[in-house]
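Below is the structure, and that's it, no one-letter string:
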């Protein structure tokens, strides 16, 4: 069974600081890894999708890296803003499987 | 952009009622999923469907059933609602292959 862990569970930073969110998974036989954002009481919004053959993906201020052999992914958010305050979830899809395994999330607060 | 629409944002139902949660996607995706999300337990897969009329149990199918008569629509059915089914329900779709998931905005169900 794939276990996905996100550390820390919560993070509070001043505006402008860079954010580093960590995700680790136990089974390295993954198909891809997806980072999501969730605002309170809302659904999940996809941020970045990294295929198992890729090392990183970038979108604007967001950059996600993947080290499959060590079972780790990191989401970097540059120059954080109060609007970045949300819960960030990492989800891993194993090879030959439709399903995603989710981490518990990291709740980020960016202080103005 | 792919849109996944959940018909209700909030629902309040009585114990013992039969409850239908509807989900529609507009991009001809093969795969559709129902998750529930609870504090401290994260996202848990209830059921998924990889084709019309095809379904598979997820991690917590007890007390639920599903229906997929058309490709774009995936319904979650609570045969006899109970208070422990009070939760946030999230629907998602994916075209399969290496593509990621798209989630709906969620339905907050309260069973009283």
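That came through, no problem. The model shown is predicted, which means the values in this text are computed figures rather than measured ones.

Now do the strands in the chain.
Since you didn't name a chain, this refers to chain A. Applying DSSP state E to chain A gives strands spanning A:4-7, A:10-14, A:19-25, A:30-38, A:44-51, A:56-59, A:62-67, A:72-77, A:86-94, A:100-102, A:106-111.

actually chain B
Counting by DSSP E, the segments of chain B that form strands are B:4-6, B:10-13, B:19-25, B:31-38, B:42-51, B:54-57, B:64-70, B:73-78, B:87-94, B:102-103, B:107-111.

Those strands: which one's closest to residue A:3?
Checking the strands of chain B against residue A:3 by C-beta to C-beta gives strand B:42-51 as the closest, at 11.5 Å. C-beta here means a position set from N, CA and C on the backbone, and glycine is covered the same way.

From what I see, residue B:89 and residue B:76 are in contact.
Yes: assessed by C-beta atoms under 8 Å, residue B:89 is found in contact with residue B:76 at 6.6 Å.

List the residues that are in contact with both of these two.
With contacts taken as C-beta atoms under 8 Å, 6 or more residues apart in numbering or on different chains, residue B:89 and residue B:76 have B:21, B:34 as neighbours in common.

Kindly state the beta-bridge partners for the nearest residue to residue A:52 once chain neighbours are set aside.
Nearest residue to residue A:52, sequence neighbours excluded (C-beta to C-beta, 6 or more residues apart in numbering or on different chains): residue A:30, at 5.3 Å. Counting by DSSP bridges, residue A:30 forms beta bridges with residue A:94.

Relative to chain B, how far out is residue A:30?
Residue A:30 sits 11 Å away from chain B, taking C-beta to the nearest C-beta, to the nearest Å as the criterion.

And for that residue, the neighbour number?
21 (other C-beta atoms under 10 Å in any protein chain shown).

what's the answer for the one 3 residues further on, then?
Applying the criterion other C-beta under 10 Å, we find 26 residues in the vicinity of residue A:33.

Chain B contacts on chain A?
Chain A comes close to chain B at residues A:31-32, A:34, A:36, A:41-46, A:49, A:51, A:89, A:91, A:98-100, A:102-105, as judged by C-beta under 8 Å from any C-beta of the partner chain.

I only care about the residues you listed that end up buried; give me the PyMOL line for that.
Filtering those down to the buried ones (16 or more other C-beta atoms under 10 Å in any protein chain shown) takes a single PyMOL command:
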select buried, chain A and resi 31+32+34+36+42+43+44+46+49+89+91+98+99+100+102+103+104+105
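
Find the nearest non-adjacent residue to residue A:2, please.
The shortest distance from residue A:2 to any non-neighbouring residue, by C-beta to C-beta, 6+ apart, is to residue A:101 (4.1 Å).
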